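Q: prediction below, plus the sequence it came from.
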Amino acid sequence: MNSIPWWYTEIGDNEKNYMLTAFNNKCFSMGPYTQEFEERISELMNVPYVTLTNSGTSALIISLLSIGIKPGDEVILPALTWIATAQAAALLGAHVVLVDCLPRLPIIDIEGVARKITKKTKAIIPVNLNGRACDIKRLKNIAKENNIYIIEDVCKGMFSQNNNCYLGTIGDIGCFSMGMISLLSIGYGGFLVTKNIDLHNKIRLIRDHGVVRNPEEYKYLGANYKVSDLLASIGLGQLDKLQEKIKRVCDIYKIYNEALSENSKCNLLPVDILSGEVPLYVEAYSEQREDLINYLNVNNIGTSRFHLPLHSARYLDSPDNFPCANELSKNAFILPSGPSQSLDNVYKCAELINHWK
């Protein structure tokens, strides 16, 4: 029996043809394909400034450098997300301040954010995990009252919308990933979006060591966060299939949601598709998670457990307890998903879960 992977996306002939054209045109460094990709994202997301970079983590680091994060500044972020969000701030010497997520929902508790703000708070990073929007209107009001930047981490929320605006375009800067567990995948990659021309100009320089060229000036602290046109060309090929990808991941969520609606031992974590949220993958919750994962594994079906809560990273030195993050980390997991996942695989997985005793 062939195994069903927990995640499946394809980079196929269309992307290969784009990349071979870039190769034949000797576009090995950053150039016209990168520019074309940035322009297409700008048009699709209705945001004026886009900067392609080599990973979502790099996008987060660049964003924090662009707003002047320095040692001793505080950066608020959710206690349950991928560690890269916290590492980006910690690597710059900032103090990471964690806030619990909502009960059985892996997005930041906005009221918890308000309680954690101090005079040292420089930025808030809401993570739009799996395409979910937090209460961004309330968050923007809090940030405005306290003169704090909002950096949206949309690495797992690309092309999700809130009130007809794409997530990532609502705060000061949005950071996206194009790694393999992404709606658009190029291997490793990412990009930033902003509506602020001053931030955009800094971001562009920081991507290239913070250097002004011709005449040369070392203006900002930066590094080589550039990306090859070969990878950018793969991104262009992926964009050709964007609507197909969005439809597939939404269809997968709908299938699981309907099939498991009466299952008392395995429930989905909700994603609001009707409001424009795009479920990159499908998360389930079960207090018997390990037994269910083992059962699915015996039947050659892959799953992926939720990440550890960030306060388990000792180097972040977070003294608080986060019960909602702990609960989700212990009991939540990801079912077979992805923009190229077979719907037959999804139906099979759901059927097996419903037969699990």
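A: Ah, there it is.
Q: so how far is stretch 245-254 off the chain centroid?
A: Distance of stretch 245-254 from the chain centroid (CA atoms, centre = their mean, to the nearest Å) equals 17 Å.
Q: tell me which element the spatially most central residue of the chain is part of?
A: In the chain, the residue lying closest to the centroid (CA atoms, centre = their mean) is C155, at 1.7 Å. Remark: C155 resides in no helix or strand, with elements defined by DSSP states H and E.
Q: list the contacts of it.
A: With contacts defined as CB atoms under 8 Å, 6 or more residues apart in numbering, C155 is in contact with 56, 59, 82, 84, 127, 175-177, 179, 182, 190. Backbone N, C-alpha and C define where each C-beta goes, glycine included.
Q: where does it land on pLDDT?
A: Listed pLDDT for C155 reads 96.
Q: run through the stretch 51-200 of the chain and note the low-pLDDT ranges.
A: Scanning the stretch 51-200 of the chain for pLDDT under 70 picks out no residues.
Q: all helices of it, in order?
A: Secondary structure of the stretch 51-200 of the chain by DSSP state H, counting those that start in this stretch: the helices cover 56-66, 84-91, 110-116, 136-146, 197-207.
Q: most tightly surrounded among those?
A: helix 56-66 (a mean of 27; mean count of other CB atoms under 10 Å).
Q: output the contacting helices and strands for it.
A: In terms of contacts (3 or more CB pairs under 8 Å, 6 or more residues apart in numbering; DSSP states H and E), helix 56-66 is packed against strand 49-53, helix 84-91, strand 149-153, strand 173-177, strand 190-194, helix 197-207.
Q: can you put those in JSON lines and add distance to E38?
A: As requested, the helices and strands packed on helix 56-66 are exported to JSON lines (distance: least, CB to CB, whole Å):
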{"stretch": "strand 49-53", "distance to E38": "4"}
{"stretch": "helix 84-91", "distance to E38": "21"}
{"stretch": "strand 149-153", "distance to E38": "18"}
{"stretch": "strand 173-177", "distance to E38": "12"}
{"stretch": "strand 190-194", "distance to E38": "7"}
{"stretch": "helix 197-207", "distance to E38": "10"}
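Q: determine how far stretch 296-309 lies from the middle of the whole chain.
A: That offset, for stretch 296-309, works out to 20 Å (CA atoms, centre = their mean).
Q: what's the answer for stretch 195-204, then?
A: Relative to its chain's centre, stretch 195-204 lies at 21 Å (CA atoms, centre = their mean).
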